[in-house]
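**Student:** Got a predicted structure here, sequence first:
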Amino acid sequence: MTLIGFDFSINKPAACIFKDNKYTFISWPYGIDTRVVNVFKEAGIIIIDRKDSKERGSDITSQMRHEITNAQYLSNLIRETLKPWLNGNILLGFEGLSYGSRSDVGVQLGAYKYILMDRLSELVPICNMFTYSPITVKSVAGCAKKGMGKNEMINAFIANGPMCKFRIRLFEHPEKFQTPRAKNWIVHLDDLIDSYWVVRTLQEKEKLI
């Protein structure tokens, strides 16, 4: 069985694939610094280049067309990237939108996500797709207590994640994944790790382990 967990966003979507006891991490980032991209590549993350349209237009109609075009482009890109895994016995897991995502940005994110799910449904039955609330994913990672967030999810991955190049690199050289001065975790690290926890949520909630 193949399991794919998504941490979906418009600019930093990430996926974790579990097949034959092996984890593969894939990312489709947009607008991320080259240095950060290289850090992920060195850790074994597959980085897929994007060429989104930047012509938003000046009125509501042109902006709407721009967003739909980009959503279709991104969804097709993700589907084509994952095609080698989208066959046989497969389950897809998604993290649901947070309760605070009710603004225009939240609506936009939901629209992109549903277009992606529609594209994926051409290859994977909708009944094989599952969505879990953010608090459910946090609970599986052991990070559901009040005040816990991205740092705790990352630390849980370092402590209890799978034996793979990504985690080993992060465990042995955490400084590579931190900003030079503030020593905060670099952008997009949390997204990639969240995709792993979605896979673990699939395994636990669908009783696969």
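**Tutor:** Received the coordinates, thanks.

**Student:** Quick one: low-confidence residue ranges for this structure.
**Tutor:** Screening the chain residue by residue with the criterion pLDDT under 70, one finds the ranges 98-103.

**Student:** List the buried residues of the top helix by length along it.
**Tutor:** Across the chain, the helix with the greatest residue count (assigned by DSSP state H) is helix 60-82. For helix 60-82, a neighbour-count test (16 or more other Cβ atoms under 10 Å) marks 66-67, 70-71, 74-75, 77-79, 81-82 as buried. No exception for glycine: its C-beta is placed from N, CA and C like everyone else's.

**Student:** Okay, buried residues for stretch 42-57 please.
**Tutor:** For stretch 42-57, burial by neighbour count (16+ other Cβ under 10 Å) applies to 43, 45, 47.

**Student:** between these, which is nearest Ile32?
**Tutor:** Here the nearest of those to Ile32, counting by Cβ to Cβ, is Ile47; it sits at 9.0 Å.

**Student:** from memory the closest one sits against Val39, does it?
**Tutor:** No. Under the criterion of Cβ atoms under 8 Å, Ile47 is not in contact with Val39, lying 10.3 Å apart.

**Student:** Report the angle between the very next helix or strand once past the longest helix of the chain and helix 60-82.
**Tutor:** With elements assigned by DSSP states H and E, the helix or strand that comes after helix 60-82 is strand 90-95. Regarding strand 90-95 and helix 60-82, their directions subtend 140 degrees when assessed with axes from the mean of the first three to the mean of the last three Cα atoms, to 10 degrees.

**Student:** and strand 90-95, what other elements does it pack with?
**Tutor:** Applying 3 or more Cβ pairs under 8 Å, 6 or more residues apart in numbering; DSSP states H and E, one finds that strand 90-95 contacts strand 2-7, helix 104-120, strand 129-132, helix 189-205.

**Student:** Of all those, which one is nearest Ala156?
**Tutor:** Using Cβ to Cβ as the criterion, the shortest distance between Ala156 and the helices and strands packed on strand 90-95 is 7.9 Å, found for helix 189-205.

**Student:** my read: Val199 touches Phe6, true?
**Tutor:** No. Counting by Cβ under 8 Å, Val199 stays clear of Phe6, with 9.4 Å between them.

**Student:** Neighbour count: those two, which is higher?
**Tutor:** Phe6 (27 against 23; other Cβ atoms under 10 Å).
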